[in-house]
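Chemist: need the 3D shape of this:
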Amino acid sequence: MIAIHLWEIIINIAESILIVILLLKGLSLHNSKHYWIVFICFVILSSILVSLCNFANIGTTSTQFLNFFFRLIFICIVFQNTLSEKVFISCLPSFMSMFAEQVTYTIALIVSTDNLSSFDYLGNNRIFSTLIYLLSECVFVFISMFIIKDISFLPGKLYVCLVISTILALLVSTFFLNIIVEIDTPSLPLKYRIQLNSISIFTICIFLTVLYLVQIIGRTFQKNAKLTEKIHIREKIEEHNQAILQSVETLHKWKHDYTNHLIAIQGLIEKKEYQQLSHYISEQRENLPDFFTTINTGHSVIDAILTSKFTIAQMNNIIFHYSVILPTNLPLSDVEIAGILGNMIDNALEACMNTESTLSPYIEITIKPIRCMLQFKVENSSNGDYKFDADGHLCSTKEDHRLHGNGLSTIADIVHNHSGFFDISAKPDTFSITIYLPLP
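Modeler: Below you'll find the predicted structure:
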């Protein structure tokens, strides 16, 4: 009897390990440093719960529901995802257990020489049945981990619909499984018993197929989001270029008018009409534009971005310094330059506008080659209000993370695509991000 109980405990531990692997793959911990603590705690607690249910002879359905609520409570405590994501991932182990149990039982019926009413883990073939059971669970976990990696990109409403559908599918599968268990009696011919269990397996396979289709939708949504972001970056480039062209045209027009003003002034001087000259100069001084700032670095996109941002900085009394030394060949396209430099300066401008320090807000921009790397560095004054996720990554302090906080992710994607790296320094009064990209 002791050997039987030990065998059940070993099976429960193995199953708990597979479940916690699935949870850790699909969800994000509040603190990644507690990975192994969460892993061990879940395995121990889950194994104890299942063992107690087995010792108390609690039915399979009741055990499944107890496990589900235990997982949901555990997940809500240690993971930081939304409630919809937590509920969805909590449902998957229940499907996993039903799938493995039905596959094991169906195979047992097929290989049985007599009309067995059951093929549990405690009979003469317990090693074979256990291996089939765990192998089936491994297959389910592998398929689930492959599917759920793209589901998180679904829009919020669609994700909620997915969760509701998953819960309904779990309830229907459990109800249908109970009916099969009631019908599956020793008097029923073996052929029909196999067919009934195959129907149950097929039902769960349909659920996995639907999840796969949802994954395709999530992947498509992700691609569309990236495409929309690229289009937005291109539009920003066009706006920057248009702004600088207008500034240049205005400057040329003013330069032409300025020549005519000088001729008029010279004529008044020659005629010694000083009173009229003084009046003319005063009138022109009132009509002079405040400034015509055009930045020329030798690269049109960089010029447009710096000029546009410099104008915004001056309007908000932000000190704006820049130093640009460009190599002959840049490792980035115009769109990627706008994506990196535009987002870096936009974040700096926003931080400076939100700074309540007594010191003057400032932005310092440096672009220069260092050895075989091209450096982009933007440093700005800051109020020290930062927010980090469980992995220590900086994230947006705004409430709606689906609409904000994409700047750093855009920068990270471009940098990683070019085998570069970046460093973020978040201090109480300053913030800086430095990017290094290999030069061609």
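
Chemist: now do the helices in the stretch 101-250 of the chain.
Modeler: For the stretch 101-250 of the chain, the helices defined by DSSP state H, counting those that start in this stretch cover 126-148, 156-183, 190-270.

Chemist: need the pLDDT of residue 308.
Modeler: pLDDT, residue 308: 79.

Chemist: that one: neighbouring residues, count only.
Modeler: Using other Cβ atoms under 10 Å, the number of residues around residue 308 comes to 22. To be clear about C-beta, it is placed using only N, CA and C from the backbone, and glycine gets the same treatment.

Chemist: just say helix, strand or coil for it.
Modeler: helix (DSSP: H, G, I helix; E, B strand; the rest coil).

Chemist: what of residue 385?
Modeler: Strictly by three-state DSSP, residue 385 counts as coil.

Chemist: what's the neighbour count on it?
Modeler: 12.

Chemist: model confidence score at it, please.
Modeler: Residue 385 is given a pLDDT of 71.

Chemist: and it, how close does it get to residue 433?
Modeler: 16 Å (Cβ to Cβ, to the nearest Å).

Chemist: ok, now residue 207?
Modeler: 44 Å.

Chemist: past the helix or strand bottoming out on mean pLDDT in the chain, which element shows up next along the chain?
Modeler: Among the helices and strands of the chain, strand 394-395 carries the lowest confidence by mean pLDDT, DSSP states H and E, at a mean of 58. Using DSSP states H and E, the helix or strand that follows strand 394-395 in sequence is helix 406-417.

Chemist: other SSEs contacting that next one?
Modeler: helix 190-270, helix 343-353, strand 421-426, strand 430-438 (3 or more Cβ pairs under 8 Å, 6 or more residues apart in numbering; DSSP states H and E).

Chemist: could you dump these into TSV with mean neighbour count added?
Modeler: What follows is those, written out as TSV (neighbours: other Cβ atoms under 10 Å):
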stretch	mean neighbour count
helix 190-270	14
helix 343-353	20
strand 421-426	13
strand 430-438	19
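
Chemist: any chance of a markdown table for the ones you listed, columns distance to residue 132 and mean pLDDT?
Modeler: A markdown table is the format used below for those (distance: least, Cβ to Cβ, whole Å; pLDDT from 0 to 100):
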| stretch | distance to residue 132 | mean pLDDT |
| --- | --- | --- |
| helix 190-270 | 13 | 72 |
| helix 343-353 | 52 | 87 |
| strand 421-426 | 47 | 87 |
| strand 430-438 | 51 | 91 |
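
Chemist: need those in JSON lines with distance to residue 82, can you?
Modeler: Compiled in JSON lines, these are given as follows (distance: least, Cβ to Cβ, whole Å):
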{"stretch": "helix 190-270", "distance to residue 82": "15"}
{"stretch": "helix 343-353", "distance to residue 82": "25"}
{"stretch": "strand 421-426", "distance to residue 82": "26"}
{"stretch": "strand 430-438", "distance to residue 82": "28"}
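
Chemist: between these, which gets nearest to residue 107?
Modeler: Residue 107 lies closest, by Cβ to Cβ, to one member of those: helix 190-270, at 9.5 Å.

Chemist: leaving out sequence neighbours, find the closest residue to residue 138.
Modeler: Excluding the flanking residues, the one nearest residue 138 by Cβ to Cβ, 6 or more residues apart in numbering is residue 18, at 6.6 Å.

Chemist: right, and the one you found touches residue 97 too?
Modeler: No - Residue 18 lies out of contact with residue 97 (Cβ atoms under 8 Å); the separation is 9.9 Å.

Chemist: ok so, going back, out of the helices of the stretch 101-250 of the chain, which is closest to residue 90?
Modeler: When the helices of the stretch 101-250 of the chain are compared (using Cβ to Cβ), the closest one is helix 156-183, at 9.4 Å.

Chemist: so residue 329 touches residue 439, yeah?
Modeler: Yes - using Cβ under 8 Å, residue 329 makes contact with residue 439 at a distance of 7.1 Å.

Chemist: between these two, who's got more neighbours?
Modeler: A count of neighbours by other Cβ under 10 Å puts residue 439 above the other of residue 329 and residue 439, at 15 against 8.

Chemist: how close does residue 257 sit to residue 284?
Modeler: 9 Å.

Chemist: before we move on, what SS does the residue nearest to residue 138 have?
Modeler: Per three-state DSSP, residue 18 ends up helix.

Chemist: list residues touching both of residue 18 and residue 97?
Modeler: residue 137 (Cβ atoms under 8 Å, 6 or more residues apart in numbering).

Chemist: could you list the low-pLDDT ranges of the stretch 301-440 of the chain?
Modeler: Applying pLDDT under 70 to the stretch 301-440 of the chain flags residues 356-359, 386-407.

Chemist: what about 90?
Modeler: Scanning the stretch 301-440 of the chain for pLDDT under 90 picks out 301-318, 326-344, 346-361, 370-373, 381-419, 422-431, 439-440.

Chemist: and the angle for the helix or strand hosting residue 90 with helix 126-148?
Modeler: Element membership of residue 90, judged by DSSP H and E, is helix 83-111. The directions of helix 83-111 and helix 126-148 differ by 140 degrees, with axes from the mean of the first three to the mean of the last three Cα atoms, to 10 degrees as the criterion.

Chemist: tell me which other helices or strands helix 83-111 touches.
Modeler: helix 2-26, helix 60-78, helix 126-148, helix 156-183, helix 190-270.

Chemist: now do it and helix 60-78, the angle between them.
Modeler: Using the same axes, to 10 degrees: helix 83-111 against helix 60-78 is 150 degrees.

Chemist: pLDDT of helix 83-111, averaged?
Modeler: Rounded mean pLDDT across helix 83-111 is 80.

Chemist: relative to helix 2-26, how tilted is it?
Modeler: Using the same axes, to 10 degrees: helix 83-111 against helix 2-26 is 140 degrees.

Chemist: and helix 83-111, how far from the chain's centre?
Modeler: 28 Å (Cα atoms, centre = their mean, to the nearest Å).

Chemist: how about the helix or strand harbouring residue 303: buried residues?
Modeler: For residue 303, the host element (DSSP H and E) is helix 300-315. Within helix 300-315, the residues scored as buried using 16 or more other Cβ atoms under 10 Å are 301, 302, 303, 304, 305, 306, 307, 308, 309, 310, 311, 313.

Chemist: wait, what's in contact with the last one?
Modeler: If you count contacts by Cβ under 8 Å, 6+ apart, residue 313 has them with 319, 320, 349, 352, 363.

Chemist: possible to save those residues as JSON lines with distance to residue 277?
Modeler: As requested, the contacts of residue 313 are arranged in JSON lines below (distance: Cβ to Cβ, whole Å):
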{"residue": "319", "distance to residue 277": "38"}
{"residue": "320", "distance to residue 277": "37"}
{"residue": "349", "distance to residue 277": "43"}
{"residue": "352", "distance to residue 277": "44"}
{"residue": "363", "distance to residue 277": "42"}
